[in-house]
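Trainee: with the sequence up front, the predicted model follows.
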Amino acid sequence: MITLKNVKKIYPSKHGQVKAVDNVNLEIKEGEIFGVIGYSGAGKSTLIRMLNGLEIPTEGSITVAGREVSKIRGSELRKARHEIGMIFQHFNLLWSRTVRENIAFPLEIAGVNRTERLKRVDELIKLVGLEGREDAYPSQLSGGQKQRVGIARALANNPKVLLCDEATSALDPQTTDSILDLLVDINKRLGLTIVLITHEMHVIRKICHRVAVMEGGKVVELGSVLEVFKNPQQPITKRFVQQVTEPEETKETVQHLLENYPHGQVVKLTFVGDATQQPLMTNLIRNYEVTANILQGKISQTQNGSYGTLFIHLDGENEEITKAVDYIRSLHVGVEVINHA
């Protein structure tokens, strides 16, 4: 559905050339929810703007839904954009138009007759859950409702691809989750290919099938979300994964334990897929002469399966602790000894 080959975007500056996107190669499948994550300046916004021709690559080619958007211009580019919807962080609504009129706007530009416009707008209002708000103006809507209008407007021309540029960054956590649930529903109902950029790993974890991690204009890591959570390779990826798996209070809890318990080991356990269902702690205590203190644990759901982390303190004779750790490893559970108390 989307192919990027050797894509570069270089901007001139007073201090020389800036490589915003540096030799990126990606294949995004039809019907996939694909995430691009990176901190500010990583190049992700430039990358997504090149997918609909808002930016032209300095080098390389970009093909979306069968059209090479990096080469076409004028009316051909306008046709291509009908198949590429886009939603934005700050909604970009027309403040003098109602919900219905905002959603209808791209249909007006496309020359769709009034009867068909009204029918399509009604379908979209129902799809995004805005029944009863059709005649409200943006100033009368919550942030989540505004983004629902933005999504409906982006879907007006039946696009094959939906681009999401930090679409939930301006929303509170609960509203973010409701918008992400809506995007998953749209993906399943319409078979729509969704590409989203974000700096929040929670967004990636919740809805994406695969993720590309960007740093300094390059894609430094690429894979299924579950695999990236299970085995992050790059330091930046590990930091993003820790946003979800190791909240700040975990470090405080571990530090407190190390200060107050003079013996044993602090161990981080990583569970993937079926391993999250095992009665590990029960078996550990029954079969080994150790005490096990749970510090903190969390199981997260990804589109590819479950992923969990558990921090425990094991105490007992060194030989028994070693046997217990070996037993855990035999269950295909990831084991990392954080520290010796």
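Mentor: Ah, there it is.
Trainee: quick one: neighbours of the residue lying closest to residue 124 once chain neighbours are set aside, just the number.
Mentor: Leaving out its chain neighbours, the residue that sits closest to residue 124 by C-beta to C-beta, 6 or more residues apart in numbering is residue 152, at 4.0 Å. All C-beta spots, glycine's among them, are computed from the backbone N, C-alpha and C. With neighbours defined by other C-beta atoms under 10 Å, the count for residue 152 comes to 27.
Trainee: do the same with the one 5 residues further on
Mentor: Other residues near residue 157 come to 17 when the count uses other C-beta under 10 Å.
Trainee: and residue 214, by the same measure?
Mentor: Burial of residue 214, expressed as a neighbour count using other C-beta under 10 Å, amounts to 25.
Trainee: residue nearest the centroid of this protein?
Mentor: residue 204 (2.2 Å; C-alpha atoms, centre = their mean).
Trainee: need the per-residue pLDDT for it.
Mentor: Listed pLDDT for residue 204 reads 93.
Trainee: on that earlier part again, contact partners for the residue nearest to residue 124?
Mentor: Contact criterion C-beta atoms under 8 Å, 6 or more residues apart in numbering gives 103, 121, 124-125, 127-128, 130 as the residues in contact with residue 152.
Trainee: do residue 220 as well
Mentor: In this structure, residue 220 makes contact with 213-214, 234, 236-237, judged by C-beta under 8 Å, 6+ apart.
Trainee: which one of these has the most neighbours?
Mentor: For the contacts of residue 220, neighbours were counted using other C-beta under 10 Å, and residue 213 has the most, 27 neighbours in all.
Trainee: that one - that's part of a strand, no?
Mentor: Yes. Assignment of residue 213 by DSSP: H, G, I helix; E, B strand; the rest coil places it within a strand.
Trainee: how close does it sit to residue 169?
Mentor: Using C-beta to C-beta, to the nearest Å, one obtains 18 Å as the distance from residue 213 to residue 169.
Trainee: show me where the stretch 201-341 of the chain has its strands.
Mentor: Using DSSP state E, counting those that start in this stretch, the strands of the stretch 201-341 of the chain run over 210-215, 218-224, 265-272, 290-302, 305-316, 334-340.
Trainee: for the stretch 1-150 of the chain, same thing?
Mentor: Listed in chain order, the strands of the stretch 1-150 of the chain (DSSP E, counting those that start in this stretch) span 2-13, 16-28, 33-37, 59-64, 67-68, 84-88.
Trainee: rewinding a little: so which of the strands of the stretch 201-341 of the chain is the most packed in?
Mentor: Mean neighbour count (mean count of other C-beta atoms under 10 Å) peaks for strand 210-215 among these, with a mean of 24.
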